[in-house]
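Have a look; sequence and predicted model below, questions after that.
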Amino acid sequence: MSEPTRYQTGPVELPLRLDPEPTPVDGCPYCAELARVRSWARAGGDMTTVSDCNVFLRRHPEGHR
């Protein structure tokens, strides 16, 4: 039987994702609204909403096909 580890393991290092922000599709009102909300959120320091808008913009192009 092996002895249990009696020391802490090192921290887990996750990669830093620096993907560019998604761009709105020309002529799509939904994309334009998300981009507008994202700009307002960034100006107000609400980075959670900025991130949410980026996620919605990345997922939305499926509706443009």
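That came in fine, so what should we check first?

all contacts plus neighbour counts: C-alpha atoms, from now on.
Will do.

who are the neighbours in contact with the spatially closest residue to P61 that is not a sequence neighbour?
In this structure, P61 finds its nearest non-sequential neighbour in V25, 7.8 Å apart by C-alpha to C-alpha, 6 or more residues apart in numbering. Each residue near V25 by C-alpha atoms under 8 Å, 6 or more residues apart in numbering is listed here: C31, A32, P61.

what separates the most centrally placed residue in the chain from R42, distance-wise?
Note on the chain: the residue nearest the mean C-alpha position is S51, at 4.4 Å, using C-alpha atoms, centre = their mean. With distances taken as C-alpha to C-alpha, to the nearest Å, S51 is found 10 Å from R42.

Need the residues touching each of these two.
Joint contacts of S51 and R42 (C-alpha under 8 Å, 6+ apart) do not exist.

Now do the same for A41: helix, strand or coil?
State at A41, reduced to three classes by DSSP: H, G, I helix; E, B strand; the rest coil: helix.

burial count for it?
By other C-alpha atoms under 10 Å, 17 other residues sit near A41.

for the one 5 residues further on, same thing?
D46 has 13 neighbouring residues, counting by other C-alpha under 10 Å.

And the pLDDT at it?
As predicted, D46 sits at a pLDDT of 96.

mind pulling up the phi and psi values for it?
D46 adopts backbone torsions of phi -90, psi 80, taken as degrees, to the nearest 10.

State the distance from G45 to E33.
18 Å.

Quick check: which element contains T49?
When elements are assigned from DSSP states H and E, T49 belongs to helix 47-59.
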